[in-house]
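Peer 1: Would you be able to build a 3D model of this:
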Amino acid sequence: MMINRQKQLEKYILDHIDEEDPVLTELDRETHLRVLGARMLSGHLQGQVLTMIAKMISPTHILEVGTFTGYSAICLARGLKEGGKLLTIEIDDELESLAKKYFEKAGVLDKIDQRIGSALEIIPTLNEKFDLVFLDADKREYLQYYNLLMDMLDSGAYILADNTLWSGKVLDKPKTDDEQTRGILEFNAAIKNDHRVEKVILPLRDGMTLIRKK
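Peer 2: Numbering: from 1, shown residues only. This next block holds a predicted model:
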């Protein structure tokens, strides 16, 4: 009964927010048809939230760690300040052409710098400050991304970290071989105790932590 009511509430929410862009609907469909792990796609509700947050911040430089098929990058790019740029990093080179195709269809290709490779190797080579960062990549490396990025953020910059409730697994002791859950737990604990930032966890989908550098 509770599960059914939750699904009804989710439908109610989607029925009462802006409609999904047809390009994003098409991207969602193609991702589910062609790509393993399609559930990693941000989707309509989270996508709208990302666009709204980006528009509120009005960033000049956005960094995304984990492009996947490009849904979240498109949503974030639509909140960029005029002339702004989004740099997105994806380790899976097989997804590059699919994401690029939809960047072009969405009219944001000129706003996006698409990089393929390990974020842990690419981030240290970047020589710019970011107003907004979206983390949605390997959970085992979240804290490493965070530590690398802190010096690239001015006061007032934001990090959005996705999947920080990790399907509720944060409530239980992780299995010995569950490094992804351990990574999320380690990250959440470090953020909680980092007095350089303000933070709040939103129970949106799989959990999203909003972090603001003081």
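Peer 1: what about the helices in the chain?
Peer 2: Taking DSSP state H, the helices of the chain run over residues 2-15, 22-34, 43-57, 71-77, 96-105, 119-122, 142-149, 179-192.
Peer 1: got the angle for the fifth one vs helix 22-34?
Peer 2: Same thing as helix 96-105. Relative orientation of helix 96-105 and helix 22-34, computed by axes from the mean of the first three to the mean of the last three CA atoms, to 10 degrees: 160 degrees.
Peer 1: Would you pull up how far helix 96-105 lies from the middle of the chain?
Peer 2: Centroid separation for helix 96-105 versus its chain: 17 Å, with CA atoms, centre = their mean, to the nearest Å.
Peer 1: tell me what it is packed against?
Peer 2: When contacts are defined as 3 or more CB pairs under 8 Å, 6 or more residues apart in numbering; DSSP states H and E, helix 96-105 sits against helix 22-34, helix 71-77, strand 85-90, strand 112-116. (Glycine included, C-beta is placed from N, CA and C.)
Peer 1: With respect to burial, which of those scores highest?
Peer 2: Across the helices and strands packed on helix 96-105, averaging neighbours per residue (mean count of other CB atoms under 10 Å) puts helix 71-77 on top, at a mean of 27.
Peer 1: Now that we're looking at T31, what pLDDT does it have?
Peer 2: With respect to pLDDT, T31 scores 96.
Peer 1: any chance of the helices and strands packed on helix 96-105 in CSV, plus distance to T60?
Peer 2: Formatted as CSV, the helices and strands packed on helix 96-105 follow (distance: least, CB to CB, whole Å):
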stretch, distance to T60
helix 22-34, 24
helix 71-77, 12
strand 85-90, 8
strand 112-116, 13
